[in-house]
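[1] my questions are about this predicted structure, shown below with the sequence.
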Amino acid sequence: MLFVFLLVDKPDVADLRQRVRPEHKAYLAAMADRIAFAGPLTHDDGQTMLGSLLVIDFHSRAAAHAWLADEPFTQAGLYSSTAVHAFVNLWPQKIGFPPEA
């Protein structure tokens, strides 16, 4: 089942985000075959970080929450809020993804 992670950063954590980013990316890379999509949430300037949006396949909500609890940004205290929701994808993506080979 797909789960959406809506993860909002605390104010003024850009330095923390930058320091922990390599661990975060490695943690995501270990799940690469289960990630539907993942990326940053930004303010309207397209540069200033607001948080992250992830859609990942897990066998249960408990597994999704356990994964989030061990996620490096979570462990570092980066987020002001987190939300995890079950998600059903009913629309094929065409925008924001590389063309099919």
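    Great, that's in hand.
[2] now name the helix or strand holding Ala66.
    Element membership of Ala66, judged by DSSP states H and E, is helix 61-70.
[3] which elements pack onto the very next helix or strand once past that helix?
    Per DSSP H and E, the first helix or strand lying C-terminal to helix 61-70 is helix 72-76. Applying 3 or more CB pairs under 8 Å, 6 or more residues apart in numbering; DSSP states H and E, one finds that helix 72-76 contacts helix 14-29. Just so you know, the C-beta spots here come from the backbone N, C-alpha and C atoms, and that holds for glycine as well.
[4] the most centrally placed residue in the chain: what secondary structure?
    With distances taken as CA atoms, centre = their mean, the chain has Leu54 as the residue nearest its mean C-alpha position (3.3 Å). For Leu54, the assignment made with DSSP: H, G, I helix; E, B strand; the rest coil gives strand.
[5] can you list the strands that the least confident helix or strand in the chain by mean pLDDT pairs with?
    Lowest mean confidence among the helices and strands of the chain (mean pLDDT, DSSP states H and E): strand 35-42, at a mean of 92. Within its sheet, and counting by DSSP bridges, strand 35-42 is paired with strand 49-57 (antiparallel).
[6] and the angle from the strand it pairs with to helix 61-70?
    Comparing the axes of strand 49-57 and helix 61-70 via axes from the mean of the first three to the mean of the last three CA atoms, to 10 degrees yields an angle of 140 degrees.
[7] lovely, talk soon.
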